[in-house]
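>>> Fold the following and give me the result.
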Amino acid sequence: MSNPFSNGEPVLFETLGVWKTHDGCDILCELGTDVKSMYDGVVKFIDNSSVYGVCVTVEQSNGLTVEYCGLAKELNVKAGSVVKQGEIIGKTGNTNFVESLEQPHLHLAVRQNGLWIDPMSVIDNAN
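Reported below is the predicted structural model:
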C-alpha cells in the first residue's frame, strides 16, 4: 500500500500540491491488474470522473459500499450488474488524475452507513 486511509486528517496530494483527506487507500499494482469484487453485490454507479478517473461503486451484500477507482476505461460490468465475490470488475488503469504522479495503484474507498471507513479493516475479512 502506498497511501493509507487518513481517517479525516489532511494529507498532501503530490499531484495537486494540496492538503486534503484521503478517504481510501492506494494499493500498489501494475497497470492492467485485474480488480475483483471483495464481496457479492450490485454495481450501483459507474463514473468517469475528471478527478478520480473511472470508478465503479458496488453496494455489497454485507451493507458496505465500495468504490474501485482509477480503473481502465474498458470494464467487465455495467450499472445494475450483479457481481459475485472474486468476480473481475475491470483492470487498473491510469485514469486517476488526482494521484497521477504516484506509482500505479488501485484507489479503494469504503463507506459504512454513509461514512468513510478504513478499507483495510474490511479487506482482511474478504475471502
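
>>> contacts, neighbours, all on C-alpha from now
Fine.

>>> ok, the residue of the chain most remote from its centre - contacts?
Note on the chain: the largest C-alpha distance from the chain mean falls to residue 17, namely 21.4 Å (C-alpha atoms, centre = their mean). Going by C-alpha atoms under 8 Å, 6 or more residues apart in numbering, residue 17 touches no other residue.

>>> From the structure, what's the count of residues near residue 50?
Residue 50: 11 surrounding residues under other C-alpha atoms under 10 Å.

>>> Which residue is the nearest non-sequential neighbour of it?
Counting by C-alpha to C-alpha, 6 or more residues apart in numbering, residue 97 is the residue found nearest to residue 50 once chain neighbours are left out, at 6.7 Å.

>>> Please apply the same query to residue 38.
Nearest to residue 38 is residue 85, by C-alpha to C-alpha, 6+ apart, at 5.4 Å.

>>> separation between the residue farthest from the centre of the chain and residue 99?
10 Å (C-alpha to C-alpha, to the nearest Å).

>>> just residue 114 next, same as before
From residue 114 to residue 99 the distance is 24 Å (C-alpha to C-alpha).

>>> Nothing else from me, thank you.
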